[in-house]
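> Below is the sequence, then the predicted model.
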4 protein chains.
Amino acid sequence: MKTLFRLSFLLFVGLMAMTAAKPTRVVFFGDSITQAGIKPGGYIDRLKTLLPTDQFELIGAGIGGNKIYDLFLRMDDDVLAQKPDVVVVWVGVNDVWHKASSGTGTDPDKFVKFYEAVVKKLQAANARVVLCTPAAIGEKTDMTNQQDGDLNQYSQFIRDMAKRHNLPLVDLRKAFLDYNLKNNPENKEKGILTTDRVHLNDAGNQFVAEQMQKVLSTVK
Amino acid sequence: MKTLFRLSFLLFVGLMAMTAAKPTRVVFFGDSITQAGIKPGGYIDRLKTLLPTDQFELIGAGIGGNKIYDLFLRMDDDVLAQKPDVVVVWVGVNDVWHKASSGTGTDPDKFVKFYEAVVKKLQAANARVVLCTPAAIGEKTDMTNQQDGDLNQYSQFIRDMAKRHNLPLVDLRKAFLDYNLKNNPENKEKGILTTDRVHLNDAGNQFVAEQMQKVLSTVK
Amino acid sequence: MKTLFRLSFLLFVGLMAMTAAKPTRVVFFGDSITQAGIKPGGYIDRLKTLLPTDQFELIGAGIGGNKIYDLFLRMDDDVLAQKPDVVVVWVGVNDVWHKASSGTGTDPDKFVKFYEAVVKKLQAANARVVLCTPAAIGEKTDMTNQQDGDLNQYSQFIRDMAKRHNLPLVDLRKAFLDYNLKNNPENKEKGILTTDRVHLNDAGNQFVAEQMQKVLSTVK
Amino acid sequence: MKTLFRLSFLLFVGLMAMTAAKPTRVVFFGDSITQAGIKPGGYIDRLKTLLPTDQFELIGAGIGGNKIYDLFLRMDDDVLAQKPDVVVVWVGVNDVWHKASSGTGTDPDKFVKFYEAVVKKLQAANARVVLCTPAAIGEKTDMTNQQDGDLNQYSQFIRDMAKRHNLPLVDLRKAFLDYNLKNNPENKEKGILTTDRVHLNDAGNQFVAEQMQKVLSTVK
């Protein structure tokens, strides 16, 4: 009897250990910004030092040039196959930008429709979903960046979806603007949080990591 | 024994009859041209008189403004749910046109990628797939319609896919050009097979129905 | 001597009268908004009741779809031939809008270059020049109208030019936003000062007339 | 008498010499292709060896990114100030291309309007005008280059203008296609006459020089 008790105790501890050993698996699902995020110094790489290593497993699933419908197309293979606990969706820059740069952006109604489909499918696979607004195409603070209006519009769509589905939101669009209003007195179009108006420099990667950290701590 | 034989014969005839009674279900999957195709005088409506009624059931699944990725998004609900025997995919005009009209066309590589995904998913559901090239954005015959180059390019992508997957093809792009070379001596941009450079007039609906009829007879 | 004095006095009065009789000739040089401005109830028509009739002659020179380079092309025939005292230049909506609607907008640097050339040529013809910023493509007040960023940018170019050349400015972009912030609490995209996000409704025509009146009173 | 005869002979020879000494001044007016044309090995540089040096003076006036309206804006300073005998106008690639690459191409009707204005102003300054069609945006020979339709359309506008005004034409669009049909059996998009689908490689510069030489010999 004593032996049995001891064995069961060991089993319990072992299971506890195994349970504790299973960290929350987070997949970052996005475009070139996220593709670069897994590099040393990238925002996902930095998040590893901001979040308890034993509690989080962070996986990058970003591909350059991706728009919301590209995420929908590859989500089975690149995200759901990973059996994620949490998926952070960060997309939108190309949906807006490619309208002007190649005539291949995403219509507003289609953007919402595909975004809803991505969320629905992630939730059907029991993943908790975190939404992010697209941060910037240009860092000027007086709303004179060419795509500011459109980017504000698409960000609002995402805020509305987060509210509608009661999902956590990392409002990077708002955070970037607030940061630039304080730290970009010369109204520069790049060089504060981005290298080229869109992609993150060191300060940008650190800033995004911190914004994400706040929300991820709550969705563990 | 004789009775048993007789019974089995009757069963066989019955099954034959039931089999014969089940017509080939064809779903036409596309954009506004196909959406209009189910109206009286539309190409799908006309096909009903060109094909044996007892052998074919024709269903329209066209939605205005659709591009290849829209088809991918709604194919479960609108096509696969119908359990089609044959799916005729006819899309591409908006993928090209919307580049110029709203900055929201489809990149060439994305067009092929989504098209391949549509075909793969239809085949996985045991549907025979028929491909069509986008017919026209303008009927001028000297290759001076604004989108001629791009439309030729996307049509070639579809021809290549048909060949690669050994799928029947209704080459409407080629058929429209050949027809116009004979019947549009004044090099008009519309009014021969289309009302507005894109959508079918009566002659266009009849012409498309005839082109489709030839191929559908072979895939029953 | 007395007679001579009397005669000279009469001559003086006569010259005064002739001078008074020659009103300031103002040409409104712009796009479809200005083309509609000469109609009954249009902003130019309304300005006639806001400005002293004997002191101002108001002439419309607006053509639908015009961008800054179209103004440059037709300024000899349509404006300079009128020998205007004042030219009110109001353009910019199409330079921004046509980027998305037909791929034929105006590059930022070219916009400034042609605008400068128009101003220079008007001044060389001794016309006083009044600049206006493009009012709106959408009346939403939270900077989520698709072209807000670009329209803000081009408006800033015009403000900078006005400052650089010390020219009077009717800052309609700012005036429209201020008005909407007070009078568009539901964040509608049209119907406050415009019928269709761009063209003026009755309130819009009256509002523009009043804004222009303030500046024109000072440039007589 | 003899003396008079001698004098008149000397006068004649002197005039001949003076006439011979004044070569035909040709200005090449265009975009980046022409800007590169004056470099060693460029098409203008090569033309110097194809045309009699004492009879022709060749001057480049090309600026990268130029469209037809840019030519109109700068023609006083860059062309007419040179008092050219002949002006070769070669433009159109950017008018078409920039529709897709930045949303800032030129509308078809505006293209013709500005082109006519350029021709008219050159003729008013007694310059003989030579027109050229835009050669290529992509060298594929099966009309599947994205801009083929639009480029064909704008080329046809230029051919029509040449006919309308009875002007010599260097039909580079046609010449490039004919050359590629013979020399580009693999249907490559670049590398035959261009380095990058648009700008000339060595063979391209030589080919253009030869095409221009034929026409310039006749307009001296």
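Yep, it's here.
> secondary structure class for A:V27?
What DSSP: H, G, I helix; E, B strand; the rest coil gives for A:V27 is strand.
> Likewise for A:K174?
Here A:K174 is recorded as helix under three-state DSSP.
> What does the pLDDT read for A:T53?
A:T53 is assigned 87 on the pLDDT scale.
> Quick check: it vs chain C, distance?
Using CB to the nearest CB, to the nearest Å, we find A:T53 at a distance of 40 Å from chain C. C-betas here are computed from N, CA, C, even on glycine.
> now the helices: where do they sit in chain A?
Here chain A has its helices, by DSSP state H, at A:2-21, A:32-37, A:43-50, A:68-78, A:93-101, A:108-124, A:148-165, A:172-183, A:202-219.
> can you give me how far the second one is from the chain middle?
The reference is to helix A:32-37. Centroid displacement of helix A:32-37 relative to its chain, using CA atoms, centre = their mean, to the nearest Å, is 10 Å.
> So, low pLDDT: which residues of chain A?
Within chain A, the ranges that satisfy pLDDT under 70 run A:1-21, A:220.
> Quick one: name the residues of it near chain B.
Chain A comes close to chain B at residues A:69-70, A:72-73, A:98-100, A:102-107, A:110, A:113-114, A:117, as judged by CB under 8 Å from any CB of the partner chain.
> on that earlier part again, of the helices of chain A, which is nearest D:L167?
For the helices of chain A, proximity to D:L167 was assessed by CB to CB; helix A:93-101 is nearest, at 36.3 Å.
> Just send the helices of chain A back as a markdown table, with distance to D:P168 and mean neighbour count too.
A markdown table is the format used below for the helices of chain A (distance: least, CB to CB, whole Å; neighbours: other CB atoms under 10 Å in any protein chain shown):
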| stretch | distance to D:P168 | mean neighbour count |
| --- | --- | --- |
| helix A:2-21 | 82 | 9 |
| helix A:32-37 | 50 | 22 |
| helix A:43-50 | 61 | 19 |
| helix A:68-78 | 50 | 19 |
| helix A:93-101 | 38 | 23 |
| helix A:108-124 | 50 | 18 |
| helix A:148-165 | 47 | 20 |
| helix A:172-183 | 57 | 18 |
| helix A:202-219 | 57 | 18 |
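> now, which of the residues of chain A next to chain B lie close to chain C?
Subset of those in contact with chain C: A:99-100, A:103, counting by CB under 8 Å from any CB.
> Redo those residues as JSON lines? Include distance to D:D196.
Below are these laid out as JSON lines (distance: CB to CB, whole Å):
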{"residue": "A:K99", "distance to D:D196": "24"}
{"residue": "A:A100", "distance to D:D196": "21"}
{"residue": "A:G103", "distance to D:D196": "20"}
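> coming back round to it: let me know which of the helices of chain A is the nearest to chain D.
Nearest of the helices of chain A to chain D, taken as CB to the nearest CB: helix A:93-101 at 5.2 Å.
> Just name whatever secondary elements that closest one is in contact with.
When contacts are defined as 3 or more CB pairs under 8 Å, 6 or more residues apart in numbering or on different chains; DSSP states H and E, helix A:93-101 packs onto helix A:148-165, helix C:93-101, helix D:93-102.
> now the angle between helix B:93-101 and it, please.
Interaxial angle, helix A:93-101 versus helix B:93-101 (axes from the mean of the first three to the mean of the last three CA atoms, to 10 degrees): 70 degrees.
> In contact with A:K67, which residues?
Under the criterion of CB atoms under 8 Å, 6 or more residues apart in numbering or on different chains, the contact list for A:K67 reads A:31, A:91, A:94-95, A:98, A:105-106.
> repeat that for 6 Å
The contact partners of A:K67, by CB atoms under 6 Å, 6 or more residues apart in numbering or on different chains, come to A:94-95, A:106.
> Looking at the helices and strands packed on helix A:93-101, spot the one closest to B:K22.
Nearest to B:K22, of all the helices and strands packed on helix A:93-101, is helix A:148-165, at 42.4 Å by CB to CB.
> got the angle for that closest one vs helix A:108-124?
Computed by the same axes, to 10 degrees, the angle separating helix A:148-165 from helix A:108-124 equals 40 degrees.
> quick one: contacts for the nearest residue in space to A:I63 that is not next to it in sequence?
What sits nearest to A:I63 in space, not counting adjacent residues and going by CB to CB, 6 or more residues apart in numbering or on different chains, is A:Q35, at 5.9 Å. The neighbours of A:Q35, taking CB under 6 Å, 6+ apart as the test, are A:62-64.
> Distance of A:Q35 relative to A:L151?
20 Å (CB to CB, to the nearest Å).
> Mind putting the contacts of A:Q35 into JSON lines with distance to D:T24 and neighbour count?
Compiled in JSON lines, the contacts of A:Q35 are given as follows (distance: CB to CB, whole Å; neighbours: other CB atoms under 10 Å in any protein chain shown):
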{"residue": "A:G62", "distance to D:T24": "60", "neighbour count": "23"}
{"residue": "A:I63", "distance to D:T24": "58", "neighbour count": "16"}
{"residue": "A:G64", "distance to D:T24": "53", "neighbour count": "12"}
